[in-house]
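Visitor: what's the 3D shape of this:
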Amino acid sequence: MRSMGVFGLQKVNFVAFCFGAISTLFFCLLLFSAQNSTNKGVIQLRASQEYTRNSFWAPGVEIHKNLTETNIIRHGSKSDVLHFDEPIQTSTSHPTERTTSVLGPTCPSPGQRNIVCIKVHKAASTTAVAILERYGYKNNMTLAVKAETKYGPHILSSSQQFKRNMVYQYQRKYNMLTNHVRYNRAEMDIVIPNATYLTILRHPVKHFESAFVYFLVAKHLNLNGTDKIEAFFEKPDMYLSQKFYFWYQLQSGQIFDLGLDHHDHTGPKVAMLIQRLAEEFDLVMIADYFDESLVLLRKHLCLDWKDVVYIPDNFRTSGQKLSISRELRQKIEIWNWADMTLYRFFNHTFWNKVNDYGPTFKQDLAYFRKLLEDTRNECTTGKVIKKRRDAHGVRTIELRKNATEFCTNLMLGDTDYTKMFRNRQKETLYNRPQFWHN
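Guide: Below is the predicted model:
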């Protein structure tokens, strides 16, 4: 079999075994040093291109974090060592009756909280962003949009980091930024000041498979055979060098969207970025736990339950997804090592936030899911249909005839809401309708 980039597919099993042994020794030493630390619980988290399934390690690459903030590893028993692939369980000591979550006096009034949500490709971000835009539109918030729509009204840029001049009349300042563009905090703060920063991540194996199919990689690269992903991994470096359509999403595309260029995908730079993101983002949601993410989002933004309901849209059926074997999964994880590091870190902080939510989380989640079920029964027929005017074959759920305005709004996506914001703002904010190139 031909080589796979730096690692070589023939050596995958041997490499994984070696990393496993080294990582086990490393974490034993790390536990010992943490228990004997005189630095008040500060330890070093090492991250690198080389990793095993449950750990990452590279000599000389350090992130200094306080244990009470990240809980990467805690003082105490053996069970406190973090296993990233297992969600951390919430407390089981809940009251028998659901306690209604109270917004509290410190919550701002609707429309007063500025929001930036980094729309990571192929990570359920379209649904998450549509929820935010629906809330913002209802509360007369303003959305940072570009002047022209050549590549779609909802895309500031898919490959470039945000710059203020991407936004029409950026000097005005806006309440929201939710369209596709790569993260650049300094420039974003100028256009959307004092904002809450949000994003969403997806397990890199699922993300890679989704991007591979959606961006038609096999077609662009003329990959043959029954297993197109396996064909790609015969010589992935060579294929990636061809810079095909959306090539940058085929290797650690999520950390790329969050600001790190591919030539900077080194252990130290990945580690430094993750530390910075942990400090700068208020909430990193996880697409694999989407409902749980929305429960956290509702509480963080002080929203009503109906503000975060949704109807599944732009999804694929199980038969449309490519089969991923255990061996292929390992190749994808190694190829996307930077995204794996990113995902495992924020998957852990996500479950910490669940634990910090309080004793009503399970009841609130159950309440929310019942509300979702009731909403879907009210608004849709339940029939899965092919979405019209979509070349990717994604599916949606059929809306009932004579559906209410509330139901109709739930079916609107990011593109729809961006157009609605643009049309309203050109009349009420810009007063220059002749400027727009629709």
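
Visitor: where do the helices sit along the stretch 51-200 of the chain?
Guide: Counting by DSSP state H, counting those that start in this stretch, the stretch 51-200 of the chain has helices at residues 67-70, 125-138, 185-191.

Visitor: between the ones you listed, which one is nearest to Thr428?
Guide: helix 125-138 (12.5 Å; CB to CB). Any C-beta I mention is one placed from the backbone N, CA and C, and that applies to glycine too.

Visitor: what stretches of the stretch 151-300 of the chain score poorly on pLDDT?
Guide: Applying pLDDT under 70 to the stretch 151-300 of the chain flags the ranges 151.

Visitor: where exactly do the strands run in it?
Guide: 176-177, 195-201, 283-286 (DSSP state E, counting those that start in this stretch).

Visitor: save the ones you listed as a markdown table, and put in distance to Ala130 too.
Guide: Converted to a markdown table, the strands of the stretch 151-300 of the chain look like this (distance: least, CB to CB, whole Å):
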| stretch | distance to Ala130 |
| --- | --- |
| strand 176-177 | 12 |
| strand 195-201 | 12 |
| strand 283-286 | 14 |
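
Visitor: the ones you listed: which one's closest to Asn423?
Guide: Using CB to CB, those put strand 176-177 closest to Asn423, at 15.7 Å.

Visitor: which strands or helices does the closest one pack on?
Guide: Applying 3 or more CB pairs under 8 Å, 6 or more residues apart in numbering; DSSP states H and E, one finds that strand 176-177 makes contact with strand 114-118, helix 125-138.

Visitor: distance of the residue nearest to Leu410 when sequence neighbours are not counted relative to Glu398?
Guide: Residue nearest to Leu410 in three dimensions, not counting chain neighbours: Ile311, with 4.9 Å by CB to CB, 6 or more residues apart in numbering. Here the criterion is CB to CB, to the nearest Å. By it, Ile311 lies 10 Å from Glu398.

Visitor: give me the common contacts of those two.
Guide: Thr380 (CB atoms under 8 Å, 6 or more residues apart in numbering).

Visitor: quick one: which of these two has more around it?
Guide: Ile311 (17 against 13; other CB atoms under 10 Å).

Visitor: confidence score at that one?
Guide: Per-residue confidence at Ile311 stands at 87 (pLDDT).

Visitor: distance check, it against Tyr289.
Guide: 18 Å.

Visitor: for Ile115, list the residues it contacts.
Guide: With CB under 8 Å, 6+ apart, Ile115 has these contacts: Leu132, Gly136, Met141, Asn175, Met176, Leu177, Thr178, Ile192, Ala195, Thr196, Leu198, Leu301.

Visitor: with Arg400 instead?
Guide: Contacts of Arg400 by CB under 8 Å, 6+ apart are Glu378, Cys379, Thr380, Thr381, Cys407.

Visitor: now those in JSON lines, with pLDDT, neighbour count and distance to Pro359?
Guide: JSON lines is the format used below for these (pLDDT from 0 to 100; neighbours: other CB atoms under 10 Å; distance: CB to CB, whole Å):
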{"residue": "Glu378", "pLDDT": "93", "neighbour count": "13", "distance to Pro359": "30"}
{"residue": "Cys379", "pLDDT": "92", "neighbour count": "22", "distance to Pro359": "32"}
{"residue": "Thr380", "pLDDT": "87", "neighbour count": "21", "distance to Pro359": "33"}
{"residue": "Thr381", "pLDDT": "86", "neighbour count": "13", "distance to Pro359": "38"}
{"residue": "Cys407", "pLDDT": "93", "neighbour count": "17", "distance to Pro359": "33"}
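
Visitor: alright, I will stop here.
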